[in-house]
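S.K.: Here you go, sequence then predicted model.
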Amino acid sequence: MTKLAMFGGAKTLRRQDMTKELTGWPVITEEEHAAVRGVLEGGLFTSNDAGRGEVSALQRDWAEYTGVRHCAAVSNGTAALELALAALDLEPGSEVLVPALTFIGTAVPVVQRLLVPVFVDVDPVTFTMDPERAEAAITPRTKAIVVVHLHGLPADMTALRALADRHGLRLIEDAAQAQGAHYQGRRAGSIGDINATSLNVVKNLPTCGEGGLITTDDDELYERVVLRRQFGEDLRAGKDRDYISRMLAGNEKLSAVQAAFTRRQLARLDEYHLLRAKNVTGFLDRIGGLPGVVAPYCPPDRTHAWHILRLRFSAAALGHPEISDGALRAVVQRALRAEGVPVQPYQVVPLPGQRAFQRLTGLGGYPWRIPGVERPDHRIENFPVSLAVIDDSLTLQRIHLNPAAGPVLDRCAEAFEKVWARIDDLLPLARAAEHRPPWHAAMNAPEETP
Ligand SMILES: Cc1ncc(COP(=O)(O)O)c(C=O)c1O
């Protein structure tokens with residue numbers, strides 16, 4: 001039996017195996033080059049293109065693709081969420097449910113709108129907001145839910161929509177990781193009252209930099225977003241600029257170069273998705289059969305965009321209940337990385353454990369200083385599922401996005417099989433090591449001096 005790379009054996013996946021052709025992301029073809037040149041030559045650089053430029057075209061394309069009436073392009077996904085929340089015109093101090101396991105970009109816009117994020121633990125299988133826990137978190141101050149389709153899997157939108165309707169709440173999708181995914185036949189990013197997605201270069205629908213898109217079927221919400229993305233000015237096609245700011249708003253527009261790039265990516269999104277799904281499911285089928293490896297599950301009423309692959313590890317399922325899942329994950333992580341597989345954590349602490357939410361710094365202490373707003377209980381122990389998932393799982397990110405990544409994922413599967421064939425060599429290490437959970441550093445970082 002071959003020796004593990006961690007103990008001096010040969011690596012399974014070498015750096016030179018991960019060529020740009022197989023793992024580079026985004027895939028940039030002559031179409032993107034020509035589109036960007038077209039913008040430079042055409043001279044329509046901004047969003048105010050009277051419907052004739054790339055930004056307007058991207059808005060039309062994304063609206064058509066997702067099956068919604070309106071789309072507004074903005075500068076990034078965080079701005080998209082902030083503008084979506086702003087359009088809802090919620091009273092400052094209103095509570096907004098947010099999953100405890102997500103990227104911080106989901107929760108920061110809530111605070112920026114002087115709204116109170118109320119964190120809700122996730123489901124242990126789908127990693128998305130648990131509708132029952134969401135219901136338990138609702139108070140008379142709750143006004144909206146931000147749903148995240150984490151890793152690319154749509155959340156349980158039927159239950160969350162029913163919950164929102166029962167309690168008169170607005171529903172916002174954060175589809176930053178789920179472009180192209182379906183939920184009961186509808187596209188992610190088309191189901192909420194207003195929805196946001198990110199075009200960051202690492203996303204499934206990337207631009208060559210930063211960008212974001214907002215969608216809604218609601219005419220009024222759309223009008224508010226369009227006003228808010230440029231100083232509250234009404235810049236509709238055919239109108240002369242009047243320099244009247246109809247509301248307090250900043251500048252959150254997308255540039256035509258970013259739009260041109262994304263439009264060519266959008267034209268290939270479904271084709272890439274099908275190839276990626278084949279590569280990923282092949283990989284997951286192989287490693288999901290290894291004892292103690294829990295591969296991600298996709299319920300039959302939805303499709304997964306496979307933006308991030310999260311694998312959980314169960315020591316009990318491996319036949320070693322005396323070892324903690326986190327300790328098993330930690331040794332597997334060392335072994336796989338030594339084999340060349342770039343497994344890594346995705347989020348090291350539930351969001352309420354992030355410094356800003358522990359200290360309630362907010363904007364000069366707001367929204368928490370608004371009279372009537374209660375100080376929340378952000379102890380991370382309140383989010384046991386997120387804690388367990390963060391401790392016992394590893395993710396693969398980005399290397400599988402390229403539709404030609406199949407051979408690299410085959411190598412990754414080989415590395416898993418090699419490590420599992422030698423798992424008995426690792427168990428003493430898992431037993432001996434003093435286990436430090438991934439949130440240790442985040443929760444114990446020294447005081448910063450900004
Ligand atoms: C779930 C989620 N929400 C929000 C964002 C923020 O998007 P952006 O980086 O474009 O601001 C991201 C991007 O990383 C994300 O993954």
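M.R.: On my side now, so go ahead.

S.K.: does residue 172 sit in a helix, a strand or a coil?
M.R.: The three-state label given to residue 172 by DSSP: H, G, I helix; E, B strand; the rest coil is strand.

S.K.: Pull the number of nearby residues for the residue in the chain that the ligand sits nearest to.
M.R.: Closest approach between the chain and the ligand, counting by CB to the nearest ligand atom: residue 77, at 2.5 Å. Backbone N, C-alpha and C define where each C-beta goes, glycine included. Neighbour count for residue 77, taken as other CB atoms under 10 Å: 27.

S.K.: Test my guess that it contacts residue 178.
M.R.: No - counting by CB atoms under 8 Å, residue 77 does not reach residue 178; the two are 11.6 Å apart.

S.K.: hey, what's in contact with both of the two?
M.R.: residue 197 (CB atoms under 8 Å, 6 or more residues apart in numbering).

S.K.: by contact count, what packs against the longest helix along the chain?
M.R.: Ranked by residue count and defined by DSSP state H, the top helix of the chain is helix 256-288. Secondary-structure packing of helix 256-288 (3 or more CB pairs under 8 Å, 6 or more residues apart in numbering; DSSP states H and E): helix 30-42, helix 54-66, strand 308-313, helix 406-421.

S.K.: Spatially, and excluding backbone neighbours, which residue is closest to the residue nearest to the spatial centre of the chain.
M.R.: By CA atoms, centre = their mean, the chain has its centre lying nearest to residue 177, at 3.9 Å. Leaving aside its chain neighbours, residue 177 sits nearest to residue 307 (4.2 Å; criterion: CB to CB, 6 or more residues apart in numbering).

S.K.: how much space between the residue of the chain closest to the ligand and residue 368?
M.R.: 25 Å (CB to CB, to the nearest Å).

S.K.: Please apply the same query to residue 282.
M.R.: 48 Å.

S.K.: hang on, the residue nearest to the centre of the chain packs against residue 155?
M.R.: No - Residue 177 lies out of contact with residue 155 (CB under 8 Å); the separation is 11.2 Å.

S.K.: any common contacting residues for those two?
M.R.: 148, 149.

S.K.: Residues of the stretch 201-350 of the chain that sit close to the ligand?
M.R.: 210, 212 (CB under 6 Å from any ligand atom).

S.K.: got any ranges where the stretch 201-350 of the chain has weak pLDDT?
M.R.: Scanning the stretch 201-350 of the chain for pLDDT under 70 picks out no residues.

S.K.: Residue 432 - how many residues pack around it?
M.R.: Quick note: residue 432 (other CB under 10 Å) scores 9 neighbours.

S.K.: Next: residue 364.
M.R.: Residue 364, neighbours per other CB under 10 Å, totals 6.

S.K.: list the contacts for it?
M.R.: Counted by CB under 8 Å, 6+ apart, residue 364 has zero contacts.

S.K.: Isn't residue 158 up against residue 184?
M.R.: Yes - look at residue 158 against residue 184 with CB under 8 Å: they come within range, at 7.2 Å.

S.K.: which of these two has more neighbours?
M.R.: residue 158 (13 against 10).

S.K.: how near is the more buried one to residue 260?
M.R.: Taken as CB to CB, the span from residue 158 to residue 260 is 37 Å.

S.K.: Same check on residue 247?
M.R.: 30 Å.

S.K.: Check residue 114 too.
M.R.: 36 Å.

S.K.: higher neighbour count, these two?
M.R.: residue 260 (27 against 20).

S.K.: Can you give me every residue that contacts that one?
M.R.: 32, 35, 36, 38, 39, 54, 58.

S.K.: for residue 254, same thing?
M.R.: So residue 254 contacts 47, 55, 58, 73, 74, 75, 199, 211, 212 (CB under 8 Å, 6+ apart).

S.K.: if you skip the residues just before and after it, what's nearest to it?
M.R.: Nearest residue to residue 254 in three dimensions, chain neighbours excluded: residue 73, at 4.0 Å (CB to CB, 6+ apart).

S.K.: what number of residues lie near residue 175?
M.R.: Residue 175 sits with 32 neighbouring residues when counted by other CB under 10 Å.

S.K.: Please give the element, helix or strand, for residue 341.
M.R.: Using DSSP states H and E, residue 341 sits within no helix or strand.

S.K.: ok, back up a step: quick one: which of residue 282 and residue 368 has more around it?
M.R.: Set residue 282 next to residue 368 and count neighbours by other CB under 10 Å: residue 368 wins out with 18 against 13.
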